[in-house]
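Novice: With the sequence up front, the predicted model follows.
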Amino acid sequence: MWPQDNSLLLVLGFVLLVLAYLSLLASLPQFLTRKRPLSYEVKDVAFPPLTIEVATYNEGDAVKRSLLSIPGAGYPLDLLKVMVLDDSDEESSRKVVDLCVRELKSLGVDAVVYRRGTREGGKPGFLKQVEGLITTPYVFIVDADFTLVPGSLPKAVSFAVAGGYSYCQMRWDLEGEGFVADLQKTLLDYHMSNEQEKAFSVGAPVKINGSCVLLKNSDLLEVGGWNAHTITEDLDLTVRFALRGKKGAFWSGLVGVGLATPSFRALFRQVERWVMGDARALIEHGCSVLKMGNLATSLTAFSYFFNYIPSLFSVFLLASGLIALFLPLTVPFALLLSLPLLAGALSLFHKEYLRLYLISFSYSVFVAFFLLLGMLKRESQFTRTEKRKPADRSAGFGGLPIFFIAVILLAAALWGMATFRVIPALLIFVYSVSFSLVYALWRMSCNVLDFFLYNLSYMAAIIRGKSTVMSPSTV
């Protein structure tokens with residue numbers, strides 16, 4: 001059935017493996033760059049007048065928490081102006097916004113709500129429409145599902161103003177329970193504690209994360225203001241600041257706490273928008289970023305900006321693994337296929353690493369798909385991720401295709417085992433497990449998945465002879 005001469009398949013498999021590991025090179029500047037010591041010394045400066053912009057769309061009680069947390073953030077109320085950009089079409093949400101604006105006014109805050117007849121451009125479109133109405137030297141952007149930490153703004157704003165930065169991204173966290181929330185918190189903590197702090201310490205461009213960011217209004221207008229035709233306005237603005245030589249900062253103090261997406265389905269929809277928006281930014285600005293400075297500076301900036309490119313690794317690895325099911329493996333081929341399995345063996349003994357490892361394979365495949373889709377689509381519609389309840393079952397990918405992929409990969413892995421192609425079979429089996437877990441997250445209770453993963457890590461602990469691990473029955 002299969003051709004006796006497998007040289008063509010072998011070459012194709014090697015090419016895919018080379019592409020897989022080359023895609024990882026895009027992230028190397030981040031890992032090779034050492035974080036330098038940072039000083040967050042705050043100098044005494046006069047507080048500037050500050051506009052706080054809160055964009056909301058049918059967020060009800062979430063936006064109420066956000067708006068009513070502003071007076072407690074510690075900034076002088078007589079220097080504050082609050083602009084609520086309300087795109088809500090639910091009457092109940094509109095009433096909540098109006099009530100909160102009246103309450104802020106009663107406390108002495110200059111608060112105003114803006115509404116428009118169309119949601120064209122979503123949040124970035126609304127920010128663009130009102131940018132000419134801002135009269136203060138600085139503007140602070142916060143999402144409607146965020147609450148500001150009491151007393152958090154004065155030091156952060158003083159730090160940014162004293163440094164003369166064009167923008168300052170401030171640390172924020174997420175609240176929520178369950179595996180999906182924990183996954184988001186883990187990834188966010190890594191991004192803030194490692195990527196953002198490292199970028200700031202070495203002089204690389206700090207990423208704007210869309211919320212809890214302070215912008216110098218004159219510099220914002222100088223780089224062209226907000227882009228109403230993007231679905232990732234934060235990355236687009238970050239790149240344009242960097243290309244114009246505007247410096248950003250990162251403030252490590254916790255300023256805001258947002259809501260984690262309530263389900264894996266909702267998270268998937270959010271990631272889809274992020275990745276497709278990044279793909280459009282890559283096409284529009286990628287070449288310019290590579291020319292923005294010396295080679296080291298350009299490559300470092302590129303790796304920070306477009307950090308979804310390494311997700312292509314999982315796609316190429318999967319393709320080469322499937323090809324390897326029909327090949328007598330050479331030693332280099334087998335070694336390259338084995339490296340991800342070795343990482344899995346090491347992660348087996350740590351529950352958190354095990355979770356991330358297992359999810360990462362299928363997660364990266366979908367990220368790569370969104371990346372390629374974003375490069376092909378000329379323009380996508382901005383959609384706000386639902387934070388109060390799980391996204392509708394019809395939103396984004398359905399669970400059934402994920403299940404079928406898992407089953408097909410499992411069948412391929414079993415066939416590989418039966419024909420003694422152990423290494424590619426084990427690799428394909430890991431992909432099958434990964435897609436199965438994503439399907440479980442999509443359809444099942446997070447507690448069930450947590451229990452399953454805990455038992456895996458518990459068995460690994462028994463193998464190691466660790467007697468201090470709690471029995472699953474006590475969880």
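Specialist: Sure, I can see it. Everything quoted here is computed from the prediction, not taken from an experiment.

Novice: who touches stretch 287-297?
Specialist: By CB atoms under 8 Å, 6 or more residues apart in numbering, the residues outside stretch 287-297 that reach it are 29, 204, 239, 242, 243, 298, 299, 301, 302, 305, 306. Yep, even glycine has a C-beta here, placed from its N, CA and C like the rest.

Novice: Quick one: mean pLDDT for that stretch?
Specialist: Stretch 287-297 comes out with an average pLDDT of 85.

Novice: So which bits of that stretch are buried?
Specialist: 289, 292, 297 (16 or more other CB atoms under 10 Å).

Novice: What of stretch 295-305?
Specialist: Residues of stretch 295-305 classed as buried by neighbour count (16+ other CB under 10 Å): 297, 298, 299, 300, 301, 302, 303, 304, 305.

Novice: Report the backbone C-alpha coordinates of the helix or strand hosting the first one in CSV.
Specialist: What it means is residue 297. Taking DSSP states H and E as the criterion, residue 297 maps to helix 295-305. In CSV, the C-alpha atoms belonging to helix 295-305 read as follows (Å, rounded to 0.1, in the frame of the first residue of the first chain):
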residue,chain,number,x,y,z
LEU,A,295,19.9,43.4,15.2
ALA,A,296,19.7,42.5,18.9
THR,A,297,17.2,45.3,19.7
SER,A,298,15.0,44.4,16.7
LEU,A,299,15.0,40.7,17.4
THR,A,300,14.2,41.2,21.1
ALA,A,301,11.3,43.5,20.2
PHE,A,302,10.0,41.1,17.6
SER,A,303,10.0,38.2,20.0
TYR,A,304,8.1,40.2,22.6
PHE,A,305,5.6,41.6,20.2
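
Novice: Which SSE is immediately downstream of that helix?
Specialist: helix 312-324.

Novice: So for the helix or strand following that next one, what gets flagged as buried?
Specialist: Past helix 312-324, further along toward the C-terminus, the next helix or strand under DSSP H and E is helix 331-347. Buried residues in helix 331-347, defined by neighbour count with 16+ other CB under 10 Å: 333, 334, 336, 337, 338, 340, 344, 347.

Novice: What strands line up against the longest strand along the chain, and which way round?
Specialist: In the chain, with assignment by DSSP state E, the single longest strand is strand 248-259. Its sheet considered, strand 248-259 pairs with strand 147-148 (antiparallel), strand 167-175 (parallel) by DSSP bridges.

Novice: quick one: which of the ones you listed is nearest residue 273?
Specialist: strand 167-175 (17.2 Å; CB to CB).

Novice: Distance from the next helix or strand after the closest one to the middle of the chain?
Specialist: Following strand 167-175 in sequence order, the next helix or strand is helix 179-190 (DSSP H and E). With CA atoms, centre = their mean, to the nearest Å as the basis, helix 179-190 stands 10 Å off its chain's centre.

Novice: And for stretch 236-245?
Specialist: So, by CA atoms, centre = their mean, the centroid of stretch 236-245 is 19 Å from its chain's centroid.

Novice: ok, now stretch 403-418?
Specialist: Centroid separation between stretch 403-418 and its chain, computed with CA atoms, centre = their mean, is 30 Å.

Novice: buried sites along that stretch?
Specialist: Under the neighbour-count criterion of 16+ other CB under 10 Å, stretch 403-418 has 403, 405, 406, 409, 410, 412, 413, 416 buried.

Novice: Out of those, the closest to residue 364 would be?
Specialist: residue 405 (13.6 Å).

Novice: Kindly report the domain assignment for the protein.
Specialist: 7-30+308-444, 43-260 (automatic domain parsing).

Novice: Next, work out how far apart residue 334 and residue 10 are.
Specialist: From residue 334 across to residue 10, the span is 12 Å (CB to CB, to the nearest Å).

Novice: Check residue 46 too.
Specialist: For residue 46 relative to residue 10 (CB to CB), the value is 69 Å.

Novice: ok, the two, which is more surrounded?
Specialist: Each of residue 46 and residue 10 has its neighbours counted (other CB atoms under 10 Å); residue 10 has more, 18 against 7.

Novice: give me every residue that touches residue 434.
Specialist: By CB under 8 Å, 6+ apart, the neighbours of residue 434 are 358, 359, 360, 361, 362, 363.

Novice: related to what we said a few turns ago, make a markdown table from the buried residues of stretch 295-305 and add distance to residue 58 to it.
Specialist: Below are the buried residues of stretch 295-305 laid out as a markdown table (distance: CB to CB, whole Å):
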| residue | distance to residue 58 |
| --- | --- |
| 297 | 43 |
| 298 | 42 |
| 299 | 42 |
| 300 | 40 |
| 301 | 37 |
| 302 | 37 |
| 303 | 37 |
| 304 | 33 |
| 305 | 31 |
